[in-house]
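Peer 1: got a predicted model here, sequence first, then my questions.
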Amino acid sequence: MMTARQPRSVPLLALIVGGLLTGSMLSAQSRTSVALSEYIGDPFLGTLLTVFGGSVLLALTTAFWRPPREGLVRINRAVRENRLSGLWLLAGVGGVLIVLAQAIAAGPLGLALFAVGIVSGQMTGGITFDALGIAGNGAIRPTALRVIAALLAVAAGFSAVVANGSASVAAAPLVIAFVAGIVSSWTAGANGRVLHVARNVVSAGLVNHLAGMVVIALIVATTLHLNSGWHIPTEPWLYCGSLFGIGALFGATLLVRHLGVLLLGVTTVTGQLVAGLALDALFPTAGTRTDAATIASVALTVIAVGLLYSDARRR
């Protein structure tokens, strides 16, 4: 049953700016995740270190600050009383898949093209999950503008590969980015549900990280025999992905109930695209392709963002 959408208590422009900042942190996390995984020589272990670092920071915050502990009690009570499905507590698993996708696909694609693949998936998932109202903010019916914007974003991702003349090379990492975008949309909605119950973003973030850490730890444990030549880095900046990840998680979790899954996704990716282009230009990776085709794809995505912004202002 569809519920009425609640009016916004925060100006739309301020929420959009929050989404842009969240996206820039995701782009920074992508770069550090790629660098850490390449240094270690194992994307799984690199992801585990990133998630573990975030979990430790959130656990310490919870230990020394009462509100997050109260939030955990509210989550536990809601699950026991069947007011919160245990499925929503698994959002961290989706987060791990996204970090893994960053570590595997962001290097070959470059951050900007990786972000285009992400936004294509987020558009597809966002318009679907908004219609289902999974964020707990009421269902948002797919208007003509929203459908056109979603199609534009999907077209942007695929046209980039075709225009670059490297479909056979870039198809696999682009598909990984696309699927990660769909997972990202669901994860944002699920985290919004948990935050609504916990009423504390640290509590929701800790649950998210712990679920993800268990999964990636199991993956690392089962692949130990495949890689014995790890090189653990000592450069502090390589571990900053944990901080960027927490910042992006907090931003998305707080914003999703105001913006909806789709609009949150595209504002976030807009910030990701701008930051990604800048980082690709300043610190290019081996597979970076910041050419005319990539920029054209980014432009298509920005047009899609504009259409969604116009649609949001009408509601």
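Peer 2: Received it, and whenever you're ready, just let me know what you need. Numbering: from 1, shown residues only.

Peer 1: any stretches of the stretch 151-300 of the chain with poor pLDDT?
Peer 2: 156-170, 224-230, 284-291, 293-294 (pLDDT under 70).

Peer 1: so where do the helices sit in it?
Peer 2: Under the criterion DSSP state H, counting those that start in this stretch, the stretch 151-300 of the chain contains helices at 167-198, 201-222, 241-259, 261-282, 292-314.

Peer 1: state the pLDDT value of the nearest residue in space to Ile176 that is not next to it in sequence.
Peer 2: Nearest residue to Ile176, sequence neighbours excluded (C-beta to C-beta, 6 or more residues apart in numbering): Ala105, at 4.3 Å. All C-beta atoms are positioned from the backbone trio N, CA, C, and that covers glycine. Residue-level confidence at Ala105 comes out at 81, pLDDT.

Peer 1: just the element for Ala105, please.
Peer 2: helix 91-109 (DSSP states H and E).

Peer 1: count the neighbours of Ala217 for me.
Peer 2: By the measure other C-beta atoms under 10 Å, the count of residues near Ala217 is 16.

Peer 1: now do the one 4 residues further on
Peer 2: Other residues within reach of Ala221, judged by other C-beta under 10 Å, total 10.

Peer 1: do you know how far Val147 is from Met123?
Peer 2: 10 Å (C-beta to C-beta, to the nearest Å).

Peer 1: ok, now Ala204?
Peer 2: In terms of C-beta to C-beta, Ala204 sits 24 Å off from Met123.

Peer 1: do the same with Val116
Peer 2: 11 Å.

Peer 1: I'd say Ala155 and Ala299 touch.
Peer 2: No: using C-beta atoms under 8 Å, Ala155 is not in contact with Ala299; the gap is 11.8 Å.

Peer 1: compare the two (neighbour count), which wins?
Peer 2: Per other C-beta under 10 Å, whichever of Ala155 and Ala299 has more neighbours is Ala155, with 15 against 12.

Peer 1: show me the contacts for that one.
Peer 2: Ala155 is in contact with Leu300, counting by C-beta atoms under 8 Å, 6 or more residues apart in numbering.

Peer 1: measure it to Ser120 for me?
Peer 2: Ala155 is 8 Å from Ser120, by C-beta to C-beta.

Peer 1: what's the answer for Ser184, then?
Peer 2: 11 Å.

Peer 1: again, but for Ala217
Peer 2: For Ala217, the distance to Ser120 - C-beta to C-beta - is 30 Å.

Peer 1: same question, Gly192
Peer 2: 22 Å.

Peer 1: what's the answer for Thr32, then?
Peer 2: Noted for Thr32: a distance of 23 Å to Ser120, by C-beta to C-beta.

Peer 1: more neighbours: which of the two?
Peer 2: Applying other C-beta under 10 Å to Thr32 and Ser120 shows that Ser120 carries more neighbours, namely 29 against 22.

Peer 1: element containing the more buried one?
Peer 2: Per DSSP H and E: helix 111-132 holds Ser120.

Peer 1: show me what counts as buried in that helix.
Peer 2: Of the residues in helix 111-132, those with enough neighbours to count as buried (16 or more other C-beta atoms under 10 Å) are 111-131.

Peer 1: give me the neighbour count for the nearest residue to Gln122 once chain neighbours are set aside.
Peer 2: Excluding the flanking residues, the one nearest Gln122 by C-beta to C-beta, 6+ apart is Gly265, at 3.5 Å. Gly265 has 34 neighbours, counted by other C-beta under 10 Å.

Peer 1: tell me who's in contact with Gly265.
Peer 2: Val119, Gln122, Met123, Gly125, Gly126, Gly181, Ser184, Ser185, Ala188.

Peer 1: the first one touches Ser184, doesn't it?
Peer 2: So the one you mean is Val119. No: distance between Val119 and Ser184: 9.6 Å, which falls outside the contact criterion (C-beta under 8 Å).

Peer 1: would you mind listing the buried residues in stretch 196-204?
Peer 2: Result for stretch 196-204 [16+ other C-beta under 10 Å]: buried residues His196, Val197, Ala198, Asn200, Val201, Val202, Ser203, Ala204.

Peer 1: out of those, the closest to Gly260 would be?
Peer 2: Proximity of those to Gly260 (C-beta to C-beta) peaks at His196, which lies at 14.1 Å.

Peer 1: where's the spatially most central residue of the chain relative to Ala248, distance?
Peer 2: Nearest to the mean C-alpha position of the chain, counting by C-alpha atoms, centre = their mean, stands Ser184 at 4.7 Å. Taking C-beta to C-beta as the measure, Ser184 falls 10 Å from Ala248.
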